[in-house]
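Asks: Generate a structure from the sequence data that follows.
(chains A, B, C and D)
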Amino acid sequence: MSFPLLTATAVLPAVGAIATAAVPAAQRTAAKWLALVVSLATLALAAVVAFRFAPGGARYQFTESHAWIKDFGVRYELGVDGIAVALIALTALLIPFVILAGWHDADPMETGSRRWRPTQGFFALILAVEAMVILSFEATDVFLFYIFFEAMLIPMYFLIGGFGDHAHEHGEQAASTQRSYAAVKFLLYNLVGGLIMLAAVIGLYVQAGNFSLPEIVQARANGSLHMATGTERWLFLGFFFAFAVKAPLWPLHTWLPNAMGEATAPVAVLITAVVDKVGTFAMLRFCLQLFPEASKWATPVILVLALISIIYGALLAVGQRDIKRLVAYASISHFGFIILGIFAMTTQGQSGATLYMVNHGISTAALMLVAGFLISRRGSRLIADYGGVQKVAPVLAGTFLIGGLATLSLPGLAPFVSEFLVLVGTFTRHPAIGIIATFGIVLAALYTLVLYQRTMTGPVKTEVAAMPDLRVRELLVIAPLIALLIFLGVYPKPVADIVNPAVRHTMSDVHQTDPKPEVEAAK
Amino acid sequence: MNPVNYLYLAALLFTIGATGVLIRRNAIVVFMCIELMLNACNLAFVTFSRMHGNLDGQIIAFFTMVVAAAEVVVGLAIIVSLFRTRHSASVDDASLMKL
Amino acid sequence: MENLIALLIAAPLLGAAVLLCGGRRLDAVGHWIGTVLAAASFVLGVVLFTGMLGKAADHRTLTQHLFSWIPVGGFQADVTFRLDQLSMTFVLLITGVGSLIHLYSVGYMEHDERRRRFFGYLNLFLAAMLLLVLADNYLLLYVGWEGVGLASYLLIGFWQHKPSAATAAKKAFLVNRVGDMGLSIAIMLMFTTFGTFAFGPVFADVDRTGQGKLTAIGLMLLLAACGKSAQVPLQSWLGDAMEGPTPVSALIHAATMVTAGVYLIVRSGAIFNAAPDAQLAVTVVGAVTLLFGAIVGCAKDDIKKALAGSTMSQIGYMVLAAGLGPIGYVFAIMHLVTHGFFKAGLFLGAGSVMHGMNDEVDMRRYGGLRKYMPVTFVTFGLGYLAIIGFPGLSGFFSKDKIIEAAFAKGGTEGWILGGAALLGAAITAYYMTRVMLMTFFGEERWRNAPTPSPAEPSVEPAAETRGEHAEPHPHESPGVMTIPMIVLAFGSVFAGGLFSVGDRFLRWLEPVTGHSEGHSPVSALTVTASTLVLLVVGAGIAYAQYGRRPVPAVAPRGSLLTRAARRDLLQDDFNHVVLVRGGEHLTRSLVYVDHTLVDGVVNGTAASVGGLSGRLRRLQNGYARSYAVSMFGGAAVLVALTLLMRAV
Amino acid sequence: MSPQLAAYTTSTGEAFQFWVLGTVAVIGALCTVFMKKAVHSALCLAGTMIVLAVFYLANGAYFLGIVQIVVYTGAIMMLFLFVVMLVGVTAADSLKETIKGQRWLALLCGVGFGVLLLAGIANASLKDFDGLGKANANGNVEGLAALIFTKYVFAFEITGALLITAAVGAMVLTHRERTERARTQRELSEQRVREGKHVPPLPAPGVYARHNAVDIAGLLPDGTASELTVSKTLRDRGQIRDVSDEAISDLKALEQRAAERLERGEDERPALKRSEEASK
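Replies: Numbers count the residues shown, from 1 in each chain, chains lettered A, B, ... in the order given. Next up, the predicted model:
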């Protein structure tokens, strides 16, 4: 059999994590470099996957399949379709930047501080998360997916609770209590979701007799596996709940602002740009494919919830006093768009949603990391503590503005493409919802520009007067992201070509076709 | 009289011992009650061996005694060291797994 | 030939990229790079223009397909440029005026340490604007549309350390976003209706669809136009936009960007022609705005804001014309071009005045400047004559045609619209004369101590950032600034005539926009005559008020209307009360709800679980004996069960 | 071997013995549980065990019977007593329950369990006894030995190992490692001085001819007892015998008698005075 490319892509960071953790405490820097190199190597492997992936070819490619737990028909079954490829590429791409951005976040703190933060642990955990996320993108066995879907919570928990950012208005003590609160909230929220999903997974096994996604989908398609309507709906809800918590969808979103607010900026990026994507990805792969009928049944409610997420998240973002929480609520709004696109049940909507996952990952990473640099300079997360930064640190301000513009999906930058696709895709089926969702772009402009205005413009505050501009390392983090944003905004075709066939398959799974334009109908 | 009465007696003694274990606070007395229960068992064993006409019951009783002896040695040692640390032999005082 | 089109955009785009990424080492030459690249684009435009003239009228449309942009299922967006007479006109206007203003800015921004970035933004604007007019489908146009919005945001807020500037920039972007929403909805509607949003196919299929859809599309496009072109009800941002450097006001907020709305409507003529209701809406908006802007222009003491009001009103004219359909399209564009010349000239003149007056913008502190800055005076004066429609100058031809067309629409609508247009002409004459008199004539009010006027608090930061506060020494601006003004003055004098003689412009644009002569109830002569009369009247009143009597250095309280007009006819107050306050309350309450209600439910569950387990914890009291009891009880239960089993 | 052992019903003698001694055993057991003082419990338990030993014998378990007396009553119970002495002979712990509901639960469970056991035995068909006649044919001890060293030899060896372990364990548990060097007299005295209380050695216990005095507190001049004079161990065990009041009453009696005598002779008065001065 051929070289197990997918396994390698996932195993490499896992091994790297162990190796990094094993580096003795003295060689802190060595650990950092090791982690960075491993992540870059993973990126290379992911690139190989992306380039050797044949968009026209089989639905699942590079498939691997080995028996694992025979008694329950659990198989170690990997395979990627276009959507998975895009997201794996995104993950592998972001991790190096996360590591580079968090270069000093886990250094042992200066004397007189209570805690010593094990640097090795920080980077090892990041790599561990990467490995699990990639595996959950690759797994085509439901049970296998479930395992990694849950397992990635543990390293995330430690990353949030152990390495939170210390900029807190009420001092270090308050910061650590807040941090652990956020971490526990994150863990419990997602565990509850996962638990319900587990029940559904078992239920699915009882129904189908095995866990293999392709087989079940096949069986459902050719009618050899029939589910009672009620059963299907319950199972769907079980799966969807877990994914909606992870995504997160209103009203299950409240863990995100705490988690992103308390975590360091790189970890926050990890949460929103990488881990949460598993939720939306899984909706697209598992909910729709396994339970087409139930998906159609639930669509109206989900669309409304997504709509609420969009508007609600944007409005709350406007009302935030804390930079990172603002970004978190903005993300909630964006996830609303993604879910809207997925359940619009149109090619544009779902391709747009997939592109949205990628673009949102990059844009949020850019914005959040710059925000992190900003916060690390001033030591405060409160918007009110800033002002006139662009005078003293023009490059920082510029990159921050570009990140913001990407967040409000300015045409020419990547997010615009996906957002417009989602809107169009929704509009063709549900015009009213599409129009209301369009208000989201105005609100997005509002919260982004208000944030920029309050922090960057105006007279220079004395506290920021001595603020240094971006350093080389930080530029190395931001510049590629921005370049990518522009490139994908101008020429998204490569990604779109990879994604489209997979979306076509999904659409056929749910027995949906795009509505024809009026003129065509008239002809 | 039917030898079964021995069994009834054993049961009675066992119950009394058990109750004692539950209501007494002095570790030594509790321990005595345990011994009482063991003895009750032995009586039962002996009676059974008589009932079945083979000596296995007695053997088991014998082993029980040996084990009881060993147990008493260790148990009392524990009580003594407890008393040393807490200056009391009450089992309730040892309600925490630390001093 | 076609392949040059992309270069039109590429040149300024390159400039923007180089200047913005180049860093400080380019500070010395940055402005020249920007100017040269803008000029290069202009030259390219001219080359294409000559090439186009060489062709037959119907074969002048060039298209260049670069690459497929967003291909998803039926949704096919390509990066394709379309250069026809309409876009050609805009290309020349944009690059021409753009280059001149680049040149002007070299002098104007001399003392600004961030001049390089300024030119970067200007180039960015040029690129975006060219993309807007060259796009071959609405989505690409949308990119340019928001691109110019971004450029204007950056340029309005160029002096970001002024809170007022930052706020104005944000306001401009947000209001534009509302308009953009309209454009995107329009595009979605087109996609659902036609399955595409490229100009050609859409216009071809117009007749295949229902009235309602088209009206909806038209209204959405109108919304977009209102946002970009500062038409009622989305006009509130233009006045504040004057916070930006004056060249910006001249290029973006007078000559080019704000006219994009007109371009959009004219470009979508096919759709509007088939949707009369939408057209009516357009004309109404135009008429209302032209009066609104004119009235506002009368009351402002800030020279730039007065000009901004005028811009608003002039664009009102164009929109009105565009709303008239084939009768008016050509004249809308024509007025657009001439207006580009003279209004840019006026703004540059204003800038030159401010340059000489320590950035004083309050006209009540001007006066008698004609002696000190003759060139500015002359050019400004010519622009003034042009805009009020002095016979023979550009404004006369273009505006006159629009008024005629308005009447030609026929019916009561025709009368109303035409009347509005005429009235507008009169008010225009009034406020422009007022500006002229207050600035260049009368006694020199700036002699006495120049305390910053209370009416314009935003002036102080400007003054302290650019040049110190002192008794101003009015002086003529350097050559780099005067030359563009002179050129534009020429434009504003002759352009109109050039276009109208033998209907050159009409025949030039007709293949794209189409044209139809409406039957006007009143003869062209009558219209012209009445226009001139009203013009004289307006100018006369202004002279009576500001020429004869001395102008008070501090604005009098004025009538209710005046005060309202000073506050943009209370439009901002409305926005503030309704949108800003309301929004703040909404967000604040939502934050509260999210924290107490949504999160409260979650935390509540957590707390209840905690409490329950806290109670259960009591069972684990650590007493060996109570554990023993439970064990013993358990044993008893087991015995009982075994007995029961045997019993059963 | 007595034939009764094989019979289904026992001889009246054994029955008599059972009913009498059984009662004793139960009473002993109850006393074990309910006696206030550990010593008494131990003694009662010993009694019960002896009775059980007799029952073993009656049941034909001669070896066990003897072992019971020797090992249990002899060794183990003595061990108990030894520990009881160590912990405090006269320390009487109150039977008052501290854990809420513990006693009632305990009794409930006890009764319930007992009833269940009895019921279980009752409805188990245990009518036929084939007795130990055959098994004890050539001697009970030999029989046991034969089994122990053939069938149960491994278990036997293991119990041996267990005993050894237990012995070692007991030693380990009770052995106290001295962590710090024992403090010398000098250090102790210095510490006393530093602490500033009891700089001189503690006062001696009160000594009276009619008591052994160690557990008797010395009296202060006002006749009240002083805790300090009794050794710490006794204090911990609460085994101080306070005799202050009876001493005071003795004093009173003495004075009274003296007063009676004084009515007869005046010449003792100065002596009395002198004695009073001495007492001051």
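Asks: Tell me the helices and strands packed up against whichever helix or strand C:Lys213 is part of.
Replies: Secondary structure assigned from DSSP states H and E places C:Lys213 in helix C:211-228. Applying 3 or more C-beta pairs under 8 Å, 6 or more residues apart in numbering or on different chains; DSSP states H and E, we find helix C:211-228 packed against helix C:138-156, helix C:163-194, helix C:260-267, helix C:269-273, helix C:276-299. Glycine gets a C-beta too; all of them are placed from N, C-alpha and C.
Asks: Just put those helices in a markdown table and tack on mean neighbour count and distance to C:Met485.
Replies: Shown next, in a markdown table, are the helices and strands packed on helix C:211-228 (neighbours: other C-beta atoms under 10 Å in any protein chain shown; distance: least, C-beta to C-beta, whole Å):
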| stretch | mean neighbour count | distance to C:Met485 |
| --- | --- | --- |
| helix C:138-156 | 26 | 20 |
| helix C:163-194 | 23 | 24 |
| helix C:260-267 | 27 | 24 |
| helix C:269-273 | 22 | 34 |
| helix C:276-299 | 24 | 21 |
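Asks: Chain B: which of those is closest?
Replies: Closest approach to chain B among the helices and strands packed on helix C:211-228 (C-beta to the nearest C-beta): helix C:163-194, 62.7 Å.
Asks: so how far is A:Ala41 from D:Gly143?
Replies: Going from D:Gly143 to A:Ala41 by C-beta to C-beta, to the nearest Å gives 78 Å.
Asks: As TSV, the helices and strands packed on helix C:211-228 with distance to A:Ser376 would be great.
Replies: Output for the helices and strands packed on helix C:211-228, formatted as TSV (distance: least, C-beta to C-beta, whole Å):
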stretch	distance to A:Ser376
helix C:138-156	27
helix C:163-194	24
helix C:260-267	41
helix C:269-273	52
helix C:276-299	47
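Asks: Could you point out which of those sits nearest C:Thr412?
Replies: C:Thr412 lies closest, by C-beta to C-beta, to one member of the helices and strands packed on helix C:211-228: helix C:276-299, at 11.7 Å.
Asks: gap between that closest one and the chain center?
Replies: 16 Å (C-alpha atoms, centre = their mean, to the nearest Å).
Asks: export it as CSV, just CAs?
Replies: Presented in CSV, the C-alpha positions along helix C:276-299 are these (Å, rounded to 0.1, in the frame of the first residue of the first chain):
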residue,chain,number,x,y,z
PRO,C,276,-40.3,53.8,-14.2
ASP,C,277,-41.2,53.7,-10.5
ALA,C,278,-37.5,53.4,-9.6
GLN,C,279,-36.8,56.2,-12.0
LEU,C,280,-39.3,58.5,-10.3
ALA,C,281,-37.7,57.7,-7.0
VAL,C,282,-34.3,58.7,-8.5
THR,C,283,-35.6,62.0,-9.8
VAL,C,284,-37.3,62.8,-6.5
VAL,C,285,-34.1,62.1,-4.6
GLY,C,286,-32.2,64.2,-7.0
ALA,C,287,-34.6,67.1,-6.7
VAL,C,288,-34.8,67.0,-3.0
THR,C,289,-31.0,66.8,-2.6
LEU,C,290,-30.3,69.6,-5.0
LEU,C,291,-32.4,71.9,-2.9
PHE,C,292,-31.2,70.5,0.4
GLY,C,293,-27.6,70.9,-0.5
ALA,C,294,-28.1,74.4,-1.8
ILE,C,295,-29.9,75.5,1.3
VAL,C,296,-27.2,74.0,3.5
GLY,C,297,-24.6,75.7,1.3
CYS,C,298,-26.1,79.0,2.0
ALA,C,299,-25.8,78.9,5.7
